[in-house]
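> Sequence and predicted structure, then a few things I'm wondering about:
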Amino acid sequence: MLFLIWIYRVHRNLPALGVVRPRYSPGWAVGWFFVPIMNLVRPYDVLGELWKDSNPDVGMSDAYFKQHPHSTRQYSSKTSLIGLWWGCWVASAVANRVYVMLLSQPGENQLQAGSLTGMISDGLSMLGAAFAFLIVKEIDARQEEKHRRLIIDHGVQERGAAHSAQ
């Protein structure tokens, strides 16, 4: 639940970071997690969009990069973290489905197999949660850096406009 609240909030930040028309609204960024079939694809797209649109290197003026050539680093527009998180999330859901199916059938072998499958599902969930934590940390850092740069860039552009007017 907290992860979905975070997704809503960081999507709501995108217009303030200069993203004119995000692909998804904050409501749909969260809503896709609940739409059957689409919840197998769209949440991956939602986080990919967040990663890309939170890139601090995008949207800065040339004047900013001229005045701050050493303070910038290259930010990637893609990351494998999202694929790893998504893979764990889907694999955990599949393993959990198998777990429930095995436990619903009688027999000691099904119980043992179900128990093992349940542990695999839980392990994948924990691994996915660790990847989600890293994604949250990185996207937050990217948005904070982009916001910082936009403030500096705004000042650079104002000084440039004032200097040109004189």
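Thanks, I have the structure now. Numbers count the residues shown, from 1 in each chain.

> only C-alpha atoms for contact and neighbour calcs from this point on.
Noted.

> Please enumerate the helices of this structure.
2-13, 26-31, 42-53, 62-67, 80-103, 108-165 (DSSP state H).

> got TSV for those helices, with distance to Val20, mean neighbour count and mean pLDDT too?
What follows is the helices of the chain, written out as TSV (distance: least, CA to CA, whole Å; neighbours: other CA atoms under 10 Å; pLDDT from 0 to 100):
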stretch	distance to Val20	mean neighbour count	mean pLDDT
helix 2-13	11	16	96
helix 26-31	14	19	96
helix 42-53	10	20	95
helix 62-67	19	13	72
helix 80-103	23	18	93
helix 108-165	14	16	87
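
> can you redo these as TSV with distance to Gln74?
Below are the helices of the chain laid out as TSV (distance: least, CA to CA, whole Å):
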stretch	distance to Gln74
helix 2-13	21
helix 26-31	27
helix 42-53	13
helix 62-67	12
helix 80-103	16
helix 108-165	11
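
> show me what contacts the nearest residue to Arg12 once chain neighbours are set aside?
Nearest non-adjacent residue to Arg12, counting by CA to CA, 6 or more residues apart in numbering: Pro26, 5.6 Å away. Contact partners of Pro26, counting by CA atoms under 8 Å, 6 or more residues apart in numbering, are 7-9, 11-12.

> circling back: identify whichever of the helices of the chain lies nearest to Val19.
Val19 lies closest to helix 42-53 among the helices of the chain, at 6.8 Å (CA to CA).

> hey, C-alpha coordinates of the closest one in PDB?
Written as PDB, here are the backbone C-alpha positions of helix 42-53 (Å, rounded to 0.1, in the frame of the first residue of the first chain):
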ATOM      1  CA  ARG A  42       1.400  -1.500 -17.000                       C
ATOM      2  CA  PRO A  43       3.000  -1.300 -13.600                       C
ATOM      3  CA  TYR A  44       6.400  -2.100 -15.300                       C
ATOM      4  CA  ASP A  45       5.600   0.700 -17.800                       C
ATOM      5  CA  VAL A  46       4.600   3.100 -15.000                       C
ATOM      6  CA  LEU A  47       7.900   2.700 -13.200                       C
ATOM      7  CA  GLY A  48       9.900   2.900 -16.400                       C
ATOM      8  CA  GLU A  49       8.200   6.200 -17.200                       C
ATOM      9  CA  LEU A  50       8.900   7.500 -13.700                       C
ATOM     10  CA  TRP A  51      12.600   6.600 -14.100                       C
ATOM     11  CA  LYS A  52      12.900   8.200 -17.500                       C
ATOM     12  CA  ASP A  53      10.900  11.400 -16.700                       C
END
